[in-house]
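In: Sequence plus the predicted model coming up.
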Amino acid sequence: MMEPRISLITLAVGDLQASAAFYEALGWTRVKTDDAGIIAFDLLGQVLGLYSRAAMARDTGLEITPGFGGITLGYNVRDKKEVAAICARAVAAGGRVLKEPHDIFWGGHSAFFADLDGHVWEVSHNPFAPVADDGAFQWETGA
C-alpha cells in the first residue's frame, strides 16, 4: 500500500544556483545535502529539491523542457493580504505573476506566479481550510 503523502517534490531547473537564490529570496533556507547536484529546502514534513534539467532528463529518460508541466504547486496562507505580499516577493526575486491576486467565487483569494524556470505556483487564502499555527494545511471536507 502506498501511504497518502509526498515526501519530495523535485523541480528540473536550468540554473541550479539562480533557482536556489530565487527560493532563498522568498525566505526559504537550504538544508545540507551530501550531493552537490541537488539543492533542498525543508517544507514542514516534505522537501523541495532543485535538480538540473540535464540530470533530470538523464535520470528519468524523458526530455525535460522548461515551462508549464501540467501541475501547480500550492502555497496556502493564513490571511488574504499575504497573497499579494508573496507575489510581490516572487517578482522581486525574478519571478513573474501569471494571474494577479483576485477573489474567487467560492470565497477564497488567490494568484499565480512562475519561478525562474516557469514552474507555476498558486498562492491562496482559503477561509474554509485555515493554515495551522505550525504551517500545516489540510483540506477540509466538510464531513
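Out: Sure, I can see it.
In: neighbours of the nearest residue to residue 7 once chain neighbours are set aside, just the number please.
Out: Distances taken as Cβ to Cβ, 6 or more residues apart in numbering put residue 46 closest to residue 7, at 6.0 Å, once the chain neighbours are dropped. (Each C-beta comes from the backbone N, C-alpha and C, glycine too.) If you count neighbours by other Cβ atoms under 10 Å, residue 46 ends up with 13.
In: any idea how far residue 29 is from residue 46?
Out: 15 Å (Cβ to Cβ, to the nearest Å).
In: going on from the lowest-mean-pLDDT helix or strand in the chain, what's the next piece of helix or strand?
Out: Scoring the helices and strands of the chain by mean pLDDT, DSSP states H and E places helix 53-60 at the bottom, with a mean of 89. Using DSSP states H and E, the helix or strand that follows helix 53-60 in sequence is strand 73-76.
In: contacts for that following strand?
Out: Residues outside strand 73-76 that contact it (Cβ atoms under 8 Å, 6 or more residues apart in numbering) are 9, 86, 119-126, 129, 131, 137.
In: ok, and for the host helix or strand of residue 97, which residues are buried?
Out: Using DSSP H and E, residue 97 maps to strand 96-103. Buried residues in strand 96-103, counted by 16 or more other Cβ atoms under 10 Å: 97, 98, 101.
In: burial measure for residue 131, as a count.
Out: Residues near residue 131, counting by other Cβ under 10 Å, number 17.
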